[in-house]
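Novice: Build me a structure from this.
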Amino acid sequence: MKKCVSLLMTGMMVLLCSCETVSKHEGATTGAALGAGVGAVVGAVAAPKGKTVEGAIIGGLAGALVGGTIGHYAYDVKRNQAETNRVYNFSGREATARIEEVSISPKTVKPGEKVATKLTYAVLTTSNLPVKVKEVREIYFMGELWGNPEVTVERTGGTYVSDLPIILPKDARKGTYKVKFTVLTEMSKDTREATFTVQ
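Specialist: Residues are numbered from 1 along each chain as shown. Predicted coordinates for the structure are as follows:
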């Protein structure tokens with residue numbers, strides 16, 4: 001399936017169109033950068049064996065992270081729908097998502113090394129229909145946005161753990177980076193933050 005994304009680079013007025021094949025169990029995404037703007041990325045979303053996910057990683061890296069790469073996105077199912085609804089005592093009608101935990105490992109890295117950005121969240125619904133969920137990871141350095149990879153997927157009710165690794169450029173600037181994790185559905189939004197340090 002071909003995915004095509006057109007992005008207007010704010011401030012640079014550069015129109016970029018990038019197309020990539022999205023298939024199950026394959027693909028890695030490389031961050032592209034145009035000057036000081038955030039580069040556009042379209043890459044594969046990996047699914048557990050036997051399952052297919054329709055989606056693509058969109059976003060990129062810039063500034064202090066130019067030259068870094070966004071790796072292979074993957075997820076696991078932690079709890080099924082019935083277990084998740086029981087944990088939250090959920091019986092509502094509108095599908096919502098709640099972040100349970102975010103983590104970055106390792107917490108301290110060197111330029112050129114990889115950090116795993118893990119996100120655990122619950123999709124709460126009493127319907128058997130899939131829910132459109134957007135996962136966003138915004139990376140800040142010295143108060144400025146330097147990366148914004150995101151993926152939109154369809155999830156049935158349950159608890160999910162997703163991982164999006166980021167390989168830092170070999171000349172990554174030293175200091176503390178903040179990652180703002182956001183999960184959105186049509187009726188909900190939840191956000192958490194975590195940090196890592198480049199030494």
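Novice: Only C-alpha atoms from now on, for both contacts and neighbour counts.
Specialist: Fine.
Novice: Counting neighbours, what do you get for the nearest residue to Pro169 once chain neighbours are set aside?
Specialist: Distances taken as CA to CA, 6 or more residues apart in numbering put Gly68 closest to Pro169, at 4.2 Å, once the chain neighbours are dropped. Around Gly68 there are 25 other residues, counting by other CA atoms under 10 Å.
Novice: wait, isn't Gly68 in contact with Ile167?
Specialist: Yes: if you go by CA atoms under 8 Å, Gly68 and Ile167 touch, sitting 5.5 Å apart.
Novice: would Val151 count as being in a strand?
Specialist: Yes: the assignment for Val151 by DSSP: H, G, I helix; E, B strand; the rest coil puts it in a strand.
Novice: Would you map the helices across this protein?
Specialist: Along the chain, counting by DSSP state H, helices occupy 81-88.
Novice: hey, which helix or strand in it has the poorest pLDDT?
Specialist: Within the chain, confidence by mean pLDDT, DSSP states H and E is lowest for strand 14-21 among all helices and strands, at a mean of 29.
Novice: Now do the phi/psi pair for the residue nearest to Pro169.
Specialist: phi -80, psi 170 (degrees, to the nearest 10).
Novice: ok, now the one 4 residues further on?
Specialist: Its backbone dihedrals place His72 at phi -80, psi 110, with angles given as degrees, to the nearest 10.
Novice: pLDDT score for it?
Specialist: We note a pLDDT of 86 for His72 in this prediction.
Novice: Now do the same contact list for the residue nearest the centre of the chain.
Specialist: When CA atoms, centre = their mean is applied to the chain, the residue found nearest the centroid is Glu150 (4.2 Å). Applying CA atoms under 8 Å, 6 or more residues apart in numbering to Glu150 gives the contacts 57-59, 134-137.
Novice: repeat for Ser162
Specialist: Contacts of Ser162 (CA under 8 Å, 6+ apart): 73-76, 118-120.
Novice: Counting neighbours, what do you get for the closest residue to Thr156 other than its chain neighbours?
Specialist: For Thr156, ignoring the flanking residues on the chain, the nearest one in space by CA to CA, 6+ apart is Pro130 at 4.4 Å. Per other CA under 10 Å, the neighbour tally for Pro130 reads 14.
Novice: State the distance from Pro130 to Val179.
Specialist: Separation of Pro130 from Val179 (CA to CA, to the nearest Å): 27 Å.
Novice: Are there residues contacting both of Gly68 and Ile167? Which ones?
Specialist: With CA under 8 Å, 6+ apart as the test, Gly68 and Ile167 both reach Gly112.
Novice: Below-threshold pLDDT in this structure: ranges please.
Specialist: 1-54 (pLDDT under 70).
Novice: Try it again at 90.
Specialist: 1-60, 63-64, 66-67, 71-72, 74, 92-93 (pLDDT under 90).
Novice: who's in contact with the closest residue to Thr197 other than its chain neighbours?
Specialist: Distance criterion CA to CA, 6+ apart; nearest residue to Thr197, sequence neighbours excluded, is Thr176 at 4.3 Å. Each residue near Thr176 by CA under 8 Å, 6+ apart is listed here: 141-142, 195-198.
Novice: a markdown table for those residues, including distance to Val161 and neighbour count?
Specialist: Listed next are those as a markdown table, based on distance: CA to CA, whole Å; neighbours: other CA atoms under 10 Å:
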| residue | distance to Val161 | neighbour count |
| --- | --- | --- |
| Phe141 | 25 | 18 |
| Met142 | 28 | 11 |
| Thr195 | 18 | 17 |
| Phe196 | 19 | 19 |
| Thr197 | 23 | 15 |
| Val198 | 25 | 17 |
